[in-house]
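>>> have a look at this fold, sequence not included:
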C-alpha cells in the first residue's frame, strides 16, 4: 500500500480485510511488527484525536513517530509557488515537506480546506500540492474533502454494532454549530456508508446540500454495492427505521467561502440539535455517531451522548485500531 | 495496580517493594518489559519534570507515550456539566478524557487545584470528576492536594540517604515565593514522611497552617507507623537535630482563594529563604530537598543548592525511577 | 564518545568511520541497537529538522527521546548566575539542565548565540555554561559558532556526490537574507571543508568577513589535510572550477550585534541571490548545498533549488543518518 488517501480507492474486500486486521491487532498485539519504523506526522491544521491515535498506533506496533505541527515554534511555512520570500515565512513547503517525509518510512499529512472556492477544494488542490512533493507512502489525515481514517474507523464501528450492509439505514445529518466547518467528514462518511451498501439519507436544511460531485460519487458507489443515496430536509422521512444517525455540522454550500451569509443561514437552524424526539420513528436501537469534537447542547443533547445510543467513544478508539491496520499493511513485512 | 492516586492507599511494604523495584530497574534495565504498551499523558496544567520523566520512563521500559497538553493547539476543553457549548470551547472533557484514555493502557492526568474554595480542593472534586470518566488504570500526576509520584520519589531519596524511618527527623518548611502556589506537594510530603515513620515538623508562619484534614490524615499515618506530626512557627525548634528539611512555598490557608490578602500576608515573610544559618542546630549532615522548580535567592540561597546539603537533582531523577516502578507494576506482566 | 561538540575534535579517520556507519545503518537498519535508551532533547532555540531528525534517529535505533523546547508551557528558564529570582522565571538552568540530562543516557542541546559581543560568542560562553552543568554524554545541536551535526551530514553529502577530498573546490558563499543570522553554520561548514582537505573559498561582501579565529582554525585544519582556505568578494574568482557552492546568510561581523548597521550594510547586497549565472565558470556539475530553511528568491533562485544542482533534500536526510551514527557510537554497546 503506497497511499491511504480515499476509501474509494479500495474494494470492499480490501476494506474488510483492513477491518479484520484492526480487530486482530486489538485482540492479539504485535509489538514488534514495525520495529524501528518511523511515521512522520505533519499537521498543517490542529488535531487531538488524530495526533494521539497515530502516535499510540505506532508505539503499539513497535515503531515510533514524530510530530510537526503549527503550534510549534517552526518557521512559518510558505505555500505559494514562485514567490520571493522576503516576508515572515522562513521556509517553503517545497523543502519542508520532502525533508519531513525523508525522515519517515511513511508520512501522515493533515491540511484543511481553504474554503474560499468550492471547486478548488473539491479538486483537493492544497492536499495534492503537498503529495506531489513526496515519493514516500502517505496517509491522508484529513484533507479538504476527505478523511479516510475516520471513515475506516466508522465502517468498523458500524460492523462492530452488527448493522447490516445491505438493508442497513444510515442517516448523515447536518447539525447546528456556531462555526462554518469543513466538508471533509460529511463527504467521507457519505461515501463510506454508500460503499458499504447501506441505504443512505443525507438530511440537511436547504443551502447545506452536499456538492453534486460528492453526491454522484456516492451514488455510483451505492450502485456498485447494492445501496442507495437520497437527500432530504425532512427529518421524519430521513429517520424512518434508521439504524444509525451520523451527525456533523458543515458549511453552507450555497454560500461557500462567504462567512457572513453562511452564518445568517445557519442561524435559522439552531434547532438542528440531535435529541431524543429525533428518534421517534427510527429503530429502537438506533445509534448515534459523531467524529468528535462535538459541542454538547448545540450539535447534540447531553442525554444522547450520555445514553445508550451513543457510540462516539468506541468510534474514536477505532481510529487507533483502523490506523494500526493501515500502518501494518503499509509498513509491515507481511500480515 | 489499577490506580496510583495516593501513597496512603499503599502499605509501607507495598511502597518499599515499589522503591526496591525502582532501584532494580535503574541497576538492571528491562527494555522489553512494556513492549508495545502506551501511556496517555494528559496535562491540564503545565509541566517539565513530569512531562520528561514519564516519557523517559516509558521508553526505558520499551513502551511509549503521547502527550496532550494545554499549550497544544487543541480545542479548548469545557469542564462544566450540562452546559450549552456555544462559546469558544469545542470539546467537553466528557468526550476528550475517555477518548485520550482509550488510546493508552494507562493514563496519567495532571490537573491543578482551582484554588477558590479550600473544601472543594480538599475533596479533589476536579480530579475526581476526570477520573470518574474513565475505566483505564490511571496515575495522579498532581492534583489539588496530592502528588504521589513526587512523594514516592522523595521516599526513595530519603531511603537512598540512609535516613532512619523511626527516629528520622523531617522538617517540612514553608518558604517565601512571590506567587500563591498549590498545596499538593506540601500535603503529599507531609503524609509521606509521617507514613514512613518519621518525626515530622511542619514549620510555617501563622496564616499558612496546613488544613486540619491533611494534618489529621498525617497524624493517623504517623500513629500507625511509629512517627509523629507537630507544627510550629519557631524555626529553631523545628530544625533541632533535623535529618532533612523539605522546603516548599504554598498558599495562605487563612486567605485561600483571596490573592490580595494572601500576597499581603506572604510579603511579611520575605525572610523565609532557606540559608545556612537555618541549619545551626540541625544535624551536621542535614539535607535539603525541594520538588523543583525552585526560585534561587527567594525560596533558598544559592549556597545551599550548590552545596553538599542539596539532593534536589537526585530527587528529580528519582521521579523517573519511581514512575518506572509504578508503570511496571501497573502495566507489566510480572515483576 | 562522551561528547559530539565539534568536528575538529575528531580525526579524519574517525569522521570517515562515522560516515561509513551512517551509510551502513541506512542500508541495514539496527532497530534494537539502542533498545530502551533515552535521548534528552533540550531546545533553547526553535528547530524543525533537528527536532524531527533526532527523534526519528532514536526510533530507528530502537530507543526514544523526549523534547523540552521554548514553545512549551515550561516555566521560563533563568540563565544569569547569582540572581534573586523574584521575576517571571520560575526555574534556573542550574536545576533544569542537570534534571533534564538525568532522564537521558545522552542529551542534545541547542542554544543560539546571544549576538551581542562576538568575542563572547566565539568563546561559546552560553553553550559552555550549559555543558558545565552536566556529566552526561552530550551532542551540540547548534551553538553560537558550531553545528557539528550539520557538518557531519554535509561531509557525508559531499562524499556521496563523489567529490574528491584533495582537489575538491568548495565555495562557502554569503547570501542575502532580510535578517541577521547566526554564524554557526558558516563557521562549521568552513572548517568541515578545510578538514576534509578541500580547496575552500569564502565568498562574501566586505563587512561580512568571517572572524579571524575561525579563519585561522580552518587554515590550520587545511594545512593538516592538504587543503587550502582563501576569502574573496569576487564571485567569478571564487566560482572558478567549483565542485560545490554552499550558500548561507550570516550577520555582518563588522557590525556584530548592531542590527541597524547590519541591516543597512546587507541591504546593499540584495543581488547576492544564488542563480544560474553564478555557475558560468564553475564545473558543469557544480552542486548547490544549503542547510535549510532557505528563503526562495532571496538566498537562491527557484530554478537552482528545483534543478539538478540542488542536493538540499539529500543533505537534510543525511542529518538523520549522521546523527544515527553519532548516537550509535555514543550509546551503543559495540558497532
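Now that the structure is in, tell me what you want to look at. No experiment lies behind these values; they were computed from the predicted model shown.
>>> domain ranges for chain A, per the record?
A:3-146+A:319-331, A:162-310 (automatic domain parsing).
>>> tell me the contacts of residue A:167?
Residue A:167 makes contact with A:198, A:199, according to CB atoms under 8 Å, 6 or more residues apart in numbering or on different chains. (Each C-beta comes from the backbone N, C-alpha and C, glycine too.)
>>> assign a three-state SS to it, would you?
Under DSSP: H, G, I helix; E, B strand; the rest coil, residue A:167 falls in the coil class.
>>> ok, now residue A:170?
Under three-state DSSP, residue A:170 falls in the strand class.
>>> tell me the pLDDT of the closest residue to residue A:289 other than its chain neighbours.
In this structure, residue A:289 finds its nearest non-sequential neighbour in residue A:246, 4.5 Å apart by CB to CB, 6 or more residues apart in numbering or on different chains. pLDDT recorded at residue A:246 is 98.
>>> give me the helices and strands touching the helix or strand harbouring residue A:246, please.
Counting by DSSP states H and E, the element that carries residue A:246 is strand A:244-248. On a contact count with 3 or more CB pairs under 8 Å, 6 or more residues apart in numbering or on different chains; DSSP states H and E, strand A:244-248 meets strand A:169-174, helix A:184-195, strand A:287-289.
>>> adding mean pLDDT and mean neighbour count, write the ones you listed out as CSV.
Output for the helices and strands packed on strand A:244-248, formatted as CSV (pLDDT from 0 to 100; neighbours: other CB atoms under 10 Å in any protein chain shown):
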stretch, mean pLDDT, mean neighbour count
strand A:169-174, 98, 26
helix A:184-195, 98, 27
strand A:287-289, 98, 24
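>>> rewinding a little: okay, now the residue nearest to residue A:289: neighbour count?
By other CB atoms under 10 Å in any protein chain shown, the residues close to residue A:246 number 26.
>>> beta partners of residue A:4?
Taking DSSP bridges as the rule, residue A:4 bridges to residue A:139.
>>> and for it, the neighbour number?
Residue A:4 has 26 nearby residues by other CB under 10 Å.
>>> likewise for residue A:213?
Neighbours of residue A:213 using other CB under 10 Å come to 14.
>>> that's a helix at it, yeah?
Yes - assessed by three-state DSSP, residue A:213 belongs to a helix.
>>> tell me how far residue A:331 lies from residue A:1.
Using CB to CB, to the nearest Å, one gets 9 Å for the distance from residue A:331 to residue A:1.
>>> who in the stretch 1-150 of chain A is up against chain C?
Contact residues, the stretch 1-150 of chain A versus chain C (CB under 8 Å from any CB of the partner chain): A:35-38, A:40, A:63-66, A:68, A:71-75, A:78, A:82-86, A:90-92, A:94-96, A:98-100, A:102-104.
>>> thinking again about what came up before, nearest to residue C:282, of the helices and strands packed on strand A:244-248?
Closest approach to residue C:282 among the helices and strands packed on strand A:244-248 (CB to CB): helix A:184-195, 48.0 Å.
>>> wait, what's in contact with the residue in the stretch 1-150 of chain A that chain B sits nearest to?
Across the stretch 1-150 of chain A, no residue is closer to chain B than residue A:31, which sits at 2.5 Å (CB to the nearest CB). Counting by CB under 8 Å, 6+ apart, residue A:31 touches A:60, A:61, A:62, B:35, B:36, B:37.
>>> now the fifth one. Nearest residue, chain neighbours left out?
If you skip the residues right next to it in sequence, residue B:36 has residue A:31 as its closest partner in space, 2.5 Å away by CB to CB, 6+ apart.
>>> ok so the one you found is a helix residue?
No - using three-state DSSP, the assignment for residue A:31 is coil, not a helix.
>>> ok, now how distant is it from residue C:61?
17 Å.
>>> and for residue A:238?
54 Å.
>>> under the pLDDT cut-off, which ranges of chain A? List them.
The model of chain A has pLDDT under 70 over residues A:71-75, A:333-335.
>>> closest residue of chain A to chain C?
For chain A, CB to the nearest CB, closest residue to chain C: residue A:36, 2.5 Å.
>>> which residue of chain A sits farthest from its center?
Most distant residue from the mean C-alpha position of chain A: residue A:86, 36.3 Å away (CA atoms, centre = their mean).
>>> ok so that residue is a strand residue?
No - under three-state DSSP, residue A:86 falls outside any strand and is assigned coil.
>>> what residues are up against it?
Remark: with contacts taken as CB under 8 Å, 6+ apart, residue A:86 is in contact with C:178, C:295, C:297, C:298.
>>> what sits closest to residue A:259 if chain neighbours are left out?
Residue A:259's closest residue in space is residue A:180 (CB to CB, 6+ apart), at 6.1 Å.
>>> any idea what the residue nearest to residue A:289 is bridged to?
residue A:172, residue A:289.
>>> repeat for residue A:68
Beta-bridge pairing for residue A:68 (DSSP bridges): residue A:42.
>>> where exactly do the helices run in chain A?
Along chain A, counting by DSSP state H, helices occupy A:12-27, A:49-60, A:93-102, A:118-122, A:125-131, A:148-160, A:184-195, A:212-225, A:235-239, A:259-266, A:302-306, A:312-331.
>>> nearest residue to residue A:182 other than its sequence neighbours?
residue A:113 (5.1 Å).
>>> how many other residues sit next to that neighbour?
Residue A:113: 26 surrounding residues under other CB under 10 Å.
>>> settle this for me: it is touching residue A:183, isn't it.
Yes - with contact defined as CB atoms under 8 Å, residue A:113 counts as touching residue A:183 (7.0 Å).
>>> overlap in contacts, those two.
Contact criterion CB under 8 Å, 6+ apart; residues bridging residue A:113 and residue A:183 by contacting each: A:121, A:144, A:145.
>>> tabulate those (TSV), appending neighbour count and distance to chain B.
Formatted as TSV, these follow (neighbours: other CB atoms under 10 Å in any protein chain shown; distance: CB to the nearest CB, whole Å):
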residue	neighbour count	distance to chain B
A:121	26	21
A:144	23	19
A:145	26	21
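>>> pick the one among these closest to residue B:191.
When the shared contacts of residue A:113 and residue A:183 are ranked by distance to residue B:191 (CB to CB), residue A:144 comes first, at 54.6 Å.
>>> could you tell me which residues within stretch A:257-276 count as buried?
Neighbour-count burial for stretch A:257-276 flags A:257, A:258, A:262, A:265, A:266, A:269, A:272, A:273, A:274 (criterion: 16 or more other CB atoms under 10 Å in any protein chain shown).
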